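Colleague: give me coordinates for this.
(2 chains)
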Amino acid sequence: MSSHAHTGHAVVVEPSGFIRKYIFSIDHKVIGIQYFLLALTAVCVGIVLSLLMRFHLVYPGAHLPFVSGGIMTPEQYLALVTMHGTIMVFFVLTTAPQGGFGNYFLPIQIGAPDMAFPRLNMLSFWVTFLAFVAIIAAFVVPGGAPISGWTGYTPLSGMGEVTGPGEGMGQTLWIVSISLFCLASLLGALNFIATTIDLRAPGMTLFRMPLTVWGWFVTAILGLLAFGVLLAGGILLLLDRSAGTSFFLPAGLVVNDQLQPHSGGSPLLWQHLFWFFGHPEVYIAILPGMGVASHVLSTFSRKPVFGYRAMAMALCAIGFLGFMVWGHHMFLSGMSPYSGFAFSVLTMSIGVPSAIKTFNWIGTLWGGKIQFKSPMLFALGFVSLFVSGGLSGLFLAQPAVDNMLHATYYVVAHFHLVMGVAAIFGIFSATYFWFPKMFGRMMSEPLAKVHFWITFAGAYCIFMPMHFIGIAGGIRRYADATGTNYAAALQPVHVFMTYAAFITGAAQLIFLFNFFWSLKHGAVAGKNPWNATTLEWITDSPPPIDNFGGDYPSVYRGPYEFSVPGYRQDFIPQNLTPEQAALLK
Amino acid sequence: MRLSNRNSSSGSAAPAAMLASLIVIMVAATVYVFAANPFPSRPPAAITSVGLLVDHQYFLTLCVTGTVFILSQLGLAYAIWRFRDRGQAAHFTRGNNTMEMIWTTATIVLFLGLGLMGRKAWAQVRFTPAEANAVQVEVTTNQFVFNFRYPGPDGQFGKLDPTQVSASTGNPLGLDPKDPAGKDDIVVPTLTVPVDHQVELLIRSQDVIHNFYVRELRLQQDAVPGMVIPIHFTANQIGHYEIMCTQLCGLGHYRMRSFLDVVSEADYQNFLKQQGASQ
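Modeller: Predicted structure coming up:
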């Protein structure tokens, strides 16, 4: 189908039945919205879990009506830790930017009618959905949800119920869920790569692609190389638990005075497999956000992206280096200290392309004409949060300093700012930016601004003080923060963070209301409400089934032609022929 | 197609001022807490020379990242305020290769230099083995306790047999009763070491992964089943310190801790004598 697309002869017929149109759709736009709604559901669950954790840390003895037994137990707390991390990393930070916005906008931004493999795309979503059902089911099985953290380190996760509640059926469901998710993401990554390489409109050279497309493209390559490794790890772990193998379990394990029947495996092997996936995963979460930030900063500064090629190259460099640094999660794991030092130097070098991006973002703003629309506010917030969260990584990248900060709240603060909150700000920016295109209506700008101010201030109030708890030696994943003598002195800081978390969490209701209210009542958007340049803005809002109504665009210039001297209009769309553009002089 | 010559500048001063001020306030508050230490937000003093090296490297990193943090956040805040839409035309530029080269080179030198300078504090503990006369103590972890074993007067650890492990009958490590070298081994739940004398810990675990962490030593090490991991330190302050498990090990993780007592050489010899007599 797609090979005919650019000749204008593609015939894409909209399916008539509800099920083919909205449930088992092969339209990338519907699938994108399905991914987005899945992530929206998941993020609501994830936020509630985090608020319960924050509440428990401050009021450990409180009676909670929905907790069996009334008072939250340590294993229930650890189940929250595990499920919050898993749901947020996989079903929000990976699902929304790539599965959601990537699916919807990558084909349109390169001028294609759909993804390269529409049915595979549908399969990816529904396997992801199954994975989500599996992880939610872990809450209700006997023993409850797993307690081994989102990293699922063996032997804790490898031996079944002997190591703790939740380590039976709950942990098995966790592994099944993660493995399904990996499978789905592999298929998705393949589709994204094929689409980007093969379906670009005439004239859409690599260096005319919007930086959003670069972000999704590099993310897909990371996904293709990383998810397969975790999938393999997940299968081996499942075999260790259910088939009596010992890939990750050494000889001589004794639990409750009982010798376990395993021998010959290595717990560190799981960590290597997990982090070989896990570190690229943090870039999978943040690279699409970087693309969106670049795109939005340029659009609302009315200036081309400063150093476009450097930005595209930096994305590639981050992706490339991202595969050589997984060992920085394992400095103190018992891995060779010489490897640790090599991983340290490689990790420090990732700071270089990250800094290039930051400087270019500020360069894009410099001399601009900044319009503070809600997508822009979140993009600016993204830059600030990325700088704050990224710089703390330079401490953790050094094994000597890691000696004092590893496994403390400092680490929690670092990765929440840089891959959690910053990535979420990328998602919010994308939502406010593309909502008009996806649904044909504008979101309420005043509500969006209130949402931004509370979320931006709130995120810093939660996560900045968390660094200090970590520096003082507050250990993460403790069900009771006062478990050590000295940490009790930090309790007032925990109280402050908990209040900030509840206020920030409540502010997300404003977003939810705005989203659903605007679907029906928002002002009609028109084709190009932001006066933007890329191909999604030349088609209807929402776009027709084949994206361009049979009239496929050709591309004549780069994606960020804003305020070009000599033109009456401060933006020149990518598809205008030189003759058409000349009329704007 | 709509032209964008409408005057959209009205209303950009308020959000620009607000966002720029929020960023400045955030930077000021962060710097204040680091500088003034209004609540106990620093670790206690290090009690090893390597710990001081770690602190030095931490401080160096704080200076470098702190400078970059302040400059880039304030630069961002300045750009937000200075270049807000006041109806002006944007200054058209696609970038500047000289500046790209400058900031790329600067960050390479700064970040890699920092990483290489941190080598010493890591190498002193991890690249060199313990001295021959170091006091050897074996650390064994299981859900959710630490056990510390001293070899006793013969200087030999007795053989361990995992089938004999029985915490309920007083043999948590599974000491093999048939091995004479194990007869004088001392097994205690807290760690006592002599001051100013190198100590080598042999860290192992019986069940899941745990961790040995003492803030004052600036030293953390995972305890991994199937491995015996040696680390060493020389404590130079007599005192009573907390040992924590920092690796998620199950429902009792938060209460898995022990204590490190650094004592004088004479007190250490007394400790060995008393424990040897009672076991």
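
Colleague: what about the closest residue to A:Y409 other than its chain neighbours, how many residues nearby?
Modeller: Distance criterion Cβ to Cβ, 6 or more residues apart in numbering or on different chains; nearest residue to A:Y409, sequence neighbours excluded, is A:G470 at 3.7 Å. Heads up, the C-betas are built off the backbone N, CA and C, glycines and all. Neighbour count for A:G470, taken as other Cβ atoms under 10 Å in any protein chain shown: 27.

Colleague: swap in the one 4 residues further on?
Modeller: Counted with other Cβ under 10 Å, residues neighbouring A:G474 total 24.

Colleague: isn't it right up against A:A489?
Modeller: No - the criterion here is Cβ atoms under 8 Å, and A:G474 misses it with A:A489 at 9.9 Å.

Colleague: where does the stretch 51-200 of chain A come near chain B, residue by residue?
Modeller: Contacts of the stretch 51-200 of chain A with chain B, taken as Cβ under 8 Å from any Cβ of the partner chain, map to A:73-75, A:78, A:81, A:147-149, A:153, A:155-156, A:163-165.

Colleague: looking at it, the residue nearest to A:Y409 is touching A:H406, isn't it?
Modeller: No - using Cβ under 8 Å, A:G470 is not in contact with A:H406, being 9.7 Å away.

Colleague: in the stretch 151-279 of chain B, what residue comes closest to chain A?
Modeller: Shortest the stretch 151-279 of chain B-to-chain A distance, computed as Cβ to the nearest Cβ: residue-wise this is B:G226, at 2.7 Å.

Colleague: quick check: chain neighbours aside, which residue is closest to that residue?
Modeller: A:P250 (2.7 Å).

Colleague: quick one, grab the pLDDT at the one you found.
Modeller: For A:P250, the pLDDT comes out at 96.

Colleague: A:S263 versus that one, what's the distance?
Modeller: Taking Cβ to Cβ, to the nearest Å as the measure, A:P250 falls 7 Å from A:S263.

Colleague: dump the residue contacts of the residue nearest to A:Y409.
Modeller: Neighbour list for A:G470: A:L405, A:T408, A:Y409, A:Y410, A:V411, A:V412, A:A413, A:R476 [criterion: Cβ atoms under 8 Å, 6 or more residues apart in numbering or on different chains].

Colleague: next one: A:H272
Modeller: By Cβ under 8 Å, 6+ apart, the neighbours of A:H272 are A:W326, A:M330.

Colleague: ok, back up a step: can you tell me the SS state at the residue of the stretch 151-279 of chain B closest to chain A?
Modeller: coil (DSSP: H, G, I helix; E, B strand; the rest coil).

Colleague: surely it is in contact with A:G252?
Modeller: Yes - counting by Cβ under 8 Å, B:G226 does reach A:G252; the two are 7.1 Å apart.

Colleague: which residues touch A:I475?
Modeller: Applying Cβ under 8 Å, 6+ apart to A:I475 gives the contacts A:A407, A:T408, A:Y409, A:T484, A:A487, B:Y213, B:M244, B:T246, B:Y254.

Colleague: how much space separates the fifth one from A:F55?
Modeller: Relative to A:F55, A:A487 is positioned 18 Å away (Cβ to Cβ).

Colleague: which one's more surrounded, the two?
Modeller: A:A487 (23 against 16).

Colleague: is it true that that one touches A:G473?
Modeller: Yes - between A:A487 and A:G473 a contact is recorded at 7.0 Å, counting by Cβ under 8 Å.

Colleague: low pLDDT regions in chain A?
Modeller: For chain A, the stretches with pLDDT under 70 are A:1-12, A:483-485.

Colleague: which stretches in it count as strands?
Modeller: Remark: strands assigned in chain A by DSSP state E are A:254-255, A:258-259.

Colleague: what does the first one rub up against?
Modeller: With Cβ under 8 Å, 6+ apart as the test, strand A:254-255 has contacts from A:M159, A:V162, A:T163, A:Q260, B:N142, B:Q143, B:P162, B:V165, B:G174, B:Q206, B:D207.
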